[in-house]
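**Student:** 3D, please:
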Amino acid sequence: MSLFDAMSVFGTKGFNKKSLPTAETALPGRSKVITLPGKHLVLGTQIDAKVPAGLAEAVFGMGCFWGAERLFWKLPGVWTTAAGYAGGITPNPTYEETCTGGTGHAEVVRVVYDPRTIPFADLLKVFFEEHDPTQGMRQGNDVGSQYRSCIFVADPSQLAYAKATASRYGKDLRAKGRGGEITTEIGPLPTVYYAEEYHQQYLARNPNGYCGLRGTGVVCVGG
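**Tutor:** You can find the predicted model right below:
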């Protein structure tokens, strides 16, 4: 294994980026919360607001959060989005810490939306069609646990629907010869730690910035 390959798998701090740390081995983090500028650069709404009455929340990890956030803020009925870290152990992690694999977090997008305008099923359709949910601890050339596929929701009915959709989509992928099992982590909504300001609406600030999202070409028809 070359030095470059070793660093891509183990990171500069020696963590195995393709596995999750334990509570004993995870980085300690900090009590200080990362503060955000407040307003969404594209939508003009409050990035870190509590969910307003009548709206709902879901969190999606699809690999690098830059391109994923752009997908969701473009959807009619989405009230706000934010890049963040979720599903791990370390409190208030930084981007650099998350990239070592030592926090257990995935790069995610928090989506607050109006279910009267855009149903949860439509969010899932975008989620499953716009990345490859069979790749485990990676997404394309982006390797590490922070790039894993995940869905986190607060509503038990949404949780059941997401699992049913994943099961059906996995069958459709195999029928189309895409192979592999769905590796998407689906669970209750955990604490979401907001990413640093320069990550928020990154591709609005940097239109030619990196986006590694690649779908499978297989349509998602719901659970």
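**Student:** quick one: the helices in the protein?
**Tutor:** Counting by DSSP state H, residue ranges of the helices within the chain are 3-10, 65-73, 95-99, 120-129, 156-175, 202-205.
**Student:** of those, which approaches Pro21 most closely?
**Tutor:** Ranking the helices of the chain by proximity to Pro21 (C-beta to C-beta) places helix 95-99 first, at 10.9 Å. Just so you know, the C-beta spots here come from the backbone N, C-alpha and C atoms, and that holds for glycine as well.
**Student:** thinking again about what came up before, pick the most deeply packed of the helices of the chain.
**Tutor:** Highest mean neighbour count of the helices of the chain: helix 65-73, a mean of 24 (counted as mean count of other C-beta atoms under 10 Å).
**Student:** Can you name every helix or strand that that helix contacts?
**Tutor:** Contact here means 3 or more C-beta pairs under 8 Å, 6 or more residues apart in numbering; DSSP states H and E; on that basis helix 65-73 packs against strand 56-62, strand 78-86, strand 106-113, helix 120-129, helix 202-205.
**Student:** Now tabulate these in JSON lines and tack on mean pLDDT and distance to Asp172.
**Tutor:** Conversion of those to JSON lines gives the following (pLDDT from 0 to 100; distance: least, C-beta to C-beta, whole Å):
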{"stretch": "strand 56-62", "mean pLDDT": "98", "distance to Asp172": "18"}
{"stretch": "strand 78-86", "mean pLDDT": "98", "distance to Asp172": "25"}
{"stretch": "strand 106-113", "mean pLDDT": "98", "distance to Asp172": "24"}
{"stretch": "helix 120-129", "mean pLDDT": "98", "distance to Asp172": "9"}
{"stretch": "helix 202-205", "mean pLDDT": "98", "distance to Asp172": "29"}
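**Student:** export these to CSV and tack on distance to Ser31?
**Tutor:** CSV is the format used below for the helices and strands packed on helix 65-73 (distance: least, C-beta to C-beta, whole Å):
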stretch, distance to Ser31
strand 56-62, 22
strand 78-86, 16
strand 106-113, 21
helix 120-129, 32
helix 202-205, 26
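**Student:** and Pro76, how many neighbours?
**Tutor:** 9 (other C-beta atoms under 10 Å).
**Student:** circling back: how about the helices and strands packed on helix 65-73, which one is nearest Tyr169?
**Tutor:** The stretch from those with the least distance to Tyr169 (C-beta to C-beta) is helix 120-129; that distance is 5.1 Å.
**Student:** Tell me which other helices or strands the closest one touches.
**Tutor:** strand 56-62, helix 65-73, strand 149-153, helix 156-175.
**Student:** The third one pairs with which strands, parallel or anti?
**Tutor:** Here strand 149-153 is paired, per DSSP bridges, with strand 56-62 (antiparallel), strand 185-188 (parallel).
**Student:** out of those, deepest packed?
**Tutor:** Relative to the other members of those, strand 56-62 carries the highest mean neighbour count by mean count of other C-beta under 10 Å, namely a mean of 25.
**Student:** For the residue nearest to the spatial centre of the chain, give me its contacts.
**Tutor:** Within the chain, one residue has its C-alpha closest to the average C-alpha position: by C-alpha atoms, centre = their mean, that is Gly61, at 1.6 Å. With C-beta atoms under 8 Å, 6 or more residues apart in numbering as the criterion, the residues that contact Gly61 are 68, 86-87, 106-109, 147-151, 185.
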